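Enquirer: Structural data only, the sequence is not supplied:
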């Protein structure tokens, strides 16, 4: 894995209007709450929050993966329908609602994922 892939960003396609308003609604519903939507045997993971975000946007589940870093590394046709993959660079500044993905070098091999607030 090269340096660009180590800290990668996936962003939602910009066709979704009022992303900041939608994110604020999602945040208000989920702030200070545990979110579980993927695997109840491994509760309250970062992946759950990202899937809850895409569910909130009514995007069909496009991340049938086990680990967070796979959102980036296994990006394929199913994800291209709803997301643009953006390589980490000085110009790749995450925007509100973007899904940020850390590589498998982070968090004991699972990576990490989050939703950009601002």
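Expert: The structure has been received and is ready for your questions. Computed from a predicted structure; not experimentally measured. Residues are numbered from 1 along each chain as shown.
Enquirer: Pick out the least confidently modelled helix or strand of this protein, by mean pLDDT.
Expert: Sorting the helices and strands of the chain by mean pLDDT, DSSP states H and E puts strand 7-12 at the bottom, at a mean of 48.
Enquirer: Next SSE downstream of it?
Expert: helix 19-30 (DSSP states H and E).
Enquirer: which outside residues touch that next one?
Expert: Residues from elsewhere that reach helix 19-30 (CB atoms under 8 Å, 6 or more residues apart in numbering): 12, 16, 49, 52, 53, 56, 57, 95, 96, 97, 115, 117. Heads up, the C-betas are built off the backbone N, CA and C, glycines and all.
Enquirer: Make TSV out of those and add distance to residue 79.
Expert: Formatted as TSV, the contacts of helix 19-30 follow (distance: CB to CB, whole Å):
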residue	distance to residue 79
12	11
16	15
49	18
52	17
53	14
56	17
57	14
95	18
96	20
97	16
115	16
117	22
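Enquirer: Report the buried members of those residues.
Expert: 12, 49, 52, 53, 96, 97, 115 (16 or more other CB atoms under 10 Å).
Enquirer: which one of these is nearest residue 103?
Expert: Closest approach to residue 103 among the buried ones among the contacts of helix 19-30 (CB to CB): residue 115, at 17.6 Å.
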